[in-house]
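Chemist: Sequence and predicted structure below; questions after.
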Amino acid sequence: MHYDLIVIGAGPAGYLGAERATESGMETLLIEKNKLGGVCLNVGCIPSKTLLNSAKIFDKALHGEKYGIEVDGIKLTHGKVIERKNKVVHALVSGVRAALEKKNIDYKEGEAHIIGINENGYLVELEDQKYSAEKLLIATGSKPIIPEINGLKESIKNEFVLTNSEILSLAEVPDKLTIIGGGVIGLEMASYYNSAGSDVTVIEMLNHIGGNIDEDISNILLENYIQKGISFELEAKVIGFDFKNNEIIYEKDDDEKRIKSDKSLLSIGRKPVLENLGLENIGVEVENGHIKVDETGKTNLPGVYAAGDVNGKSLLAHTAYREAEVCVNNMVGKKDYMRYKAVPQVLYTDPEVVSIGETIKTAKEKNIDFEVKQLPMMYSGRYVAETENKSGICKILIDNKHKTLLGLHMISHNASEIIYGAGIMIENELRLKEIKEIIFPHPTVSEIIRETIFEF
Amino acid sequence: MAEALQMPRQGLSVESSFLTKWHKEIGDEIKEGDLLITFETDKSTFDMEAEIEGVLLAKFFEEGEEVAVLTNIGAVGEVGEDYEDLKPQELIEEDIKSEEETKKIVDKKRTQVSVEDEVEEIKYKKPEVKEDVFKISPRAIKLSEKNSIFHEMAIPTGPEGRIIERDIQKLIDEGPVFTPAALKAYKNMKDKPSKDSLTGTGLGGKITIKDLQITQEKSEEKIMAGELVIPENIEYEEVEMSNIRKNIAKAMHDSLQTTAQLTLNTSFDASSILKYRKKIKAFKEELELSNITLNSMILYAVAKTLLDHEQLNAHLVDNRLHIYKHVQLGMAVDTERGLMVPTIFDADLKSLNTIGKESLKLAKKCQEGSINPDYLKGASFTITNLGSLDIESFTPVINPPQIGILGVNTIEYKIKKNTEGEFVEYPAMGLSLTIDHQAIDGAPAARFLKDLSNNLEKFELMLSK
């Protein structure tokens, strides 16, 4: 069978890429080896948000007395939460499936191998069938990094150590949960299982949590988590697993320590899925474990593109969407370029943390001449009306040379729904004077952006 | 009653100053001692502090305007107080004039309101648009401003090569369209990359700041790779010359245009002045002497020598020589703002210690920018010293109507034959004298140099004269 395009991987980059390509008139084949929707829909963004929302409702009710709401005998039934999550995932995956059908996109499940190139284009083998296409979109995504640590393999095997997939489907809430890695996934799961009743400890190698987020916000977040009763072991390095005793062995302050728990989540990072794909058969250039692409998403080979986590750039579903569109646009001859300077990052904790553009640290590293202003979230009337949490902040960086928005960082409820507005400002290179002319709805949490902008 | 702020008089000879900065906005509270304005005379910069208190009610002049001294520049008082009376007369006249002009335009509009194009013409006569430079309809201007368009990129299709709305619309549809920040950056670029060399990689193909940088980098990359290319954009920064710099420029240019300059170079044995300086240093505190530098010793020696060569201590004005009775000694001072030349008046009457003190004080004031402008004129002869910057010889430029300027150079070591016929090494300090050959010939100028060198070589003897 011959196609215009074969898409390998049906996560956000893959299924959206296939849809866009078909809309542009390309005959497209979409291949997935695990589940339609990829990590995002099945074991990532969506299911975790379902769990976190249940935790949020539970926490609201539990601490309702601050808002004049008192409820007796509330409880979080983990089983029902998981059940609902499965329903949500099912509904959304069905939605994607329906969209593919409606657009007449050929969708096949199985493991695809790129086997070579002939006069018809690139050759892909799937379950002994050969397919050819002029163009390829590689969107195989990423998987958890499993480092070589003593006892880790055995611990995964006996289900003491879990990854993002399993943790979202645990039948029972573990009494004691240890999370290795205080990044996005680790913190979100810490938040849910803490609400669900686990005694949670997070072990983090760095001296702060939340990865690259703003330093002040990272500290506020840590404070919030500690108040919830989550324990942290910062600057701690896991050196082994005692799988017989469900113990994690780690080094902190030059001491060797052990922590015993019922379950453990390994969330130290993710890496592109490249194995068994047959990239070497056509000579796709791989660099530091990811496929190397240019600003149009193209690899070193004509017609071969890569989008999503597999290119190692941003590892976020929303980046993947856009990358896939850039790839497809260029395939059909429409000039389009991938820009990474306004990729929003969100921690769906409660309150949420959002970050877009440069942080103080990255701006300094890039020698950008910038100015920074910060306001407490209490400057937003809506914020004060809706939350008793007084620790939120909004921080804005402005490029001194061009007077454009360089970065925005915020910790507040509703932040994830607001941040795209800052993205528009950055993408359009609006200057302070233009941003100041924008009308924000009142009263909303988003007004904090306007307030902070007027500090300049 | 509101009170007026006046442009201060800085030195008797200054008639007007440039208002370079307002430090307060209208409506700001003003306390005694607050910094109000910064202003510049042709040679110095000054700050003016508030002597009255109240609210700044009005500014009669904008930054950058030249204001006659003692003119009211603003009004201070209580909010709501009337300050019309304080307004300088010339401004009131201007106001009336511009009101009349507006009225005229409105009248014209009324009579021709049926001809739409004519109305556009009138509206278009805003001062910021020079119609003779670029023909564009006001509607097209408006549309291009709204859409971050650089309207000069449009291909005009209107009558007489005029850019009209549809030409701008075409640019919006087909590009290039800039982001607001990129448009500003592009407008500021001196050598703008051509329309075709720009690739828009922003939202919807908009040209971003990065795209402008990349166009530049591309050609840099090629140049570094050794390719022969004509760069898209030869980068430089345009900096407005300060008023001080402009004055120097004019003076230097006039000097070379109006005089016949000739430079003579010589050197003298600096052993004597070096030795004397050492001695002074040792007894400085004991005798309460000022910090006497080599330069002040040369100033002193010139002051003492010059009266024997009166043609050099003179001004040439309309074929007449103004020969000065005393030495009005200008000394060039290098400052952040540019070259300044304060005068040591009647230098021939002053002791070495006084000249030492005075020269340091004047240099300091120049560097701080607080020199009284009256000190910056009146010199009959000038000394300029580049010795500390290792210059061995140069051609100083005369400050007309003066007739001579002496450049002082660094010390080099030379060999000479002593009285026993042996070659000995000695420290030689260079002197470069520029004269106006219109007023004096080479030989008398050389004689002055010879006398000066003699005096410097026997410095202590000269002191006892």
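Modeler: Alright, I've got the coordinates.
Chemist: Check the offset of stretch A:24-35 from the chain's centre.
Modeler: For stretch A:24-35, the separation from the chain centroid amounts to 23 Å (computed by CA atoms, centre = their mean, to the nearest Å).
Chemist: how about it as CSV, C-alpha atoms only?
Modeler: Taking C-alpha atoms only, stretch A:24-35 is exported to CSV below (Å, rounded to 0.1, in the frame of the first residue of the first chain):
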residue,chain,number,x,y,z
SER,A,24,-4.5,19.1,3.7
GLY,A,25,-5.3,16.4,1.3
MET,A,26,-2.6,13.8,2.1
GLU,A,27,-3.4,10.1,2.1
THR,A,28,-2.3,9.2,5.6
LEU,A,29,-1.6,6.0,7.5
LEU,A,30,-1.4,6.3,11.3
ILE,A,31,0.3,3.5,13.3
GLU,A,32,0.3,3.0,17.1
LYS,A,33,2.0,0.2,19.0
ASN,A,34,0.3,0.8,22.4
LYS,A,35,-2.8,2.8,22.8
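Chemist: Not counting its neighbours along the chain, what's nearest the residue in the stretch 251-400 of chain B positioned nearest to chain A?
Modeler: Of all residues in the stretch 251-400 of chain B, B:E336 sits closest to chain A, at 22.3 Å by CB to the nearest CB. Backbone N, C-alpha and C define where each C-beta goes, glycine included. In space, and not counting its chain neighbours, B:E336 is closest to B:Q367: 7.3 Å by CB to CB, 6 or more residues apart in numbering or on different chains.
Chemist: If you count neighbours, what's buried in the helix or strand encompassing that neighbour?
Modeler: Using DSSP states H and E, B:Q367 falls within helix B:352-368. The neighbour-count check on helix B:352-368 (16 or more other CB atoms under 10 Å in any protein chain shown) flags B:352-353, B:355-360, B:362-363, B:365-366 as buried.
Chemist: Show me what it is packed up against.
Modeler: Using 3 or more CB pairs under 8 Å, 6 or more residues apart in numbering or on different chains; DSSP states H and E, the elements in contact with helix B:352-368 are helix B:294-306, strand B:329-331, strand B:333-335, strand B:343-344.
Chemist: partners of the third one, with directions?
Modeler: Spelled out, that is strand B:333-335. Applying DSSP bridges to the sheet, strand B:333-335 is found paired with strand B:338-340 (antiparallel).
Chemist: pLDDT of the strand it pairs with, averaged?
Modeler: Averaged across strand B:338-340, pLDDT comes to 88.
Chemist: Touching it from outside, list them.
Modeler: B:43-44, B:242, B:244-245, B:248, B:332-333, B:366, B:371, B:376 (CB atoms under 8 Å, 6 or more residues apart in numbering or on different chains).
Chemist: cool, and stretch A:84-97?
Modeler: In contact with stretch A:84-97 (CB under 8 Å, 6+ apart) are residues A:10, A:15, A:35-37, A:41-42, A:46-47, A:50-51, A:54, A:107, A:168.
Chemist: Stretch B:272-279 too?
Modeler: Residues from elsewhere that reach stretch B:272-279 (CB under 8 Å, 6+ apart): B:292-294, B:297-298, B:411, B:427, B:429, B:456-460.
Chemist: and with 10 Å instead?
Modeler: Contacts to stretch B:272-279, defined as CB atoms under 10 Å, 6 or more residues apart in numbering or on different chains, come from residues B:270, B:292-294, B:296-298, B:300-301, B:352, B:411, B:427, B:429, B:455-463.
Chemist: which parts of it are buried?
Modeler: For stretch B:272-279, burial by neighbour count (16+ other CB under 10 Å) applies to B:272-274, B:276-277.
Chemist: and if you look at stretch A:215-229?
Modeler: Neighbour-count burial for stretch A:215-229 flags A:217-218, A:220-222, A:224-225 (criterion: 16+ other CB under 10 Å).
Chemist: That one - what's its average pLDDT?
Modeler: 95.
Chemist: Contact partners for residue 156?
Modeler: Let's take chain A. For A:I156, counting by CB under 10 Å, 6+ apart, the contacting residues are A:144, A:146, A:162-163, A:166, A:241, A:243, A:264, A:266.
Chemist: oops, I was thinking of chain B
Modeler: B:134-137, B:140, B:162-164, B:167.
Chemist: 7 Å instead?
Modeler: B:135, B:162-163, B:167 (CB atoms under 7 Å, 6 or more residues apart in numbering or on different chains).
Chemist: Reformat these as a markdown table; add neighbour count and distance to A:T22.
Modeler: Below are these laid out as a markdown table (neighbours: other CB atoms under 10 Å in any protein chain shown; distance: CB to CB, whole Å):
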| residue | neighbour count | distance to A:T22 |
| --- | --- | --- |
| B:K135 | 15 | 49 |
| B:R162 | 15 | 47 |
| B:I163 | 23 | 42 |
| B:D167 | 22 | 38 |
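Chemist: Out of those residues, list just those in strands.
Modeler: Using DSSP state E, no member of the contacts of B:P156 sits in strands.
Chemist: Have a look at chain A and report its longest helix.
Modeler: Longest helix in chain A, counting residues (DSSP state H): helix A:78-102.
Chemist: Just the mean pLDDT for it, thanks.
Modeler: Mean predicted confidence for helix A:78-102 is 96.
Chemist: Centre of the chain to it, how far?
Modeler: 19 Å.
Chemist: Just list what whichever helix or strand comes after it packs against, helices and strands only.
Modeler: Downstream of helix A:78-102, the next assigned helix or strand under DSSP H and E is strand A:106-109. Here strand A:106-109 is seen to pack against strand A:28-32 when contacts are counted using 3 or more CB pairs under 7 Å, 6 or more residues apart in numbering or on different chains; DSSP states H and E.
Chemist: Now do the strand it packs on against helix A:78-102, angle only.
Modeler: Here strand A:28-32 runs at an angle of 160 degrees relative to helix A:78-102 (axes from the mean of the first three to the mean of the last three CA atoms, to 10 degrees).
Chemist: Contacts for the very next helix or strand once past strand A:28-32, please.
Modeler: Note on strand A:28-32: by DSSP H and E, the next helix or strand toward the C-terminus is helix A:38-43. Applying CB under 7 Å, 6+ apart, the contact partners of helix A:38-43 are A:9-12, A:14, A:35, A:46, A:89, A:92-93, A:96, A:141, A:164-165, A:168, A:317.
Chemist: Just the C-alpha atoms of helix A:38-43, please, in PDB.
Modeler: Only the C-alpha atoms of helix A:38-43 are listed here, as PDB (Å, rounded to 0.1, in the frame of the first residue of the first chain):
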ATOM      1  CA  GLY A  38      -0.500   8.000  23.600                       C
ATOM      2  CA  VAL A  39       0.800   8.700  27.000                       C
ATOM      3  CA  CYS A  40      -1.000  12.000  27.300                       C
ATOM      4  CA  LEU A  41      -4.500  10.600  26.900                       C
ATOM      5  CA  ASN A  42      -4.000   7.200  28.500                       C
ATOM      6  CA  VAL A  43      -1.400   7.500  31.200                       C
END
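Chemist: could you give me the average pLDDT of that helix?
Modeler: Summarised as a single mean, pLDDT over helix A:38-43 is 95.
Chemist: do stretch B:226-234 as well
Modeler: 66.
Chemist: show me what contacts the residue in the stretch 1-150 of chain B that chain A sits nearest to?
Modeler: Residue nearest to chain A within the stretch 1-150 of chain B: B:S148 (8.8 Å; CB to the nearest CB). Counting by CB under 7 Å, 6+ apart, B:S148 touches B:177-180, B:183.
Chemist: re earlier: which one of the helices and strands packed on helix B:352-368 is the most hemmed in?
Modeler: strand B:329-331 (a mean of 26; mean count of other CB atoms under 10 Å in any protein chain shown).
Chemist: Against B:V239, how distant is the most centrally placed residue in chain B?
Modeler: A centroid search over chain B (CA atoms, centre = their mean) returns B:R245, at 2.0 Å, as the residue closest to the centre. Distance, B:R245 to B:V239, by CB to CB, to the nearest Å: 10 Å.
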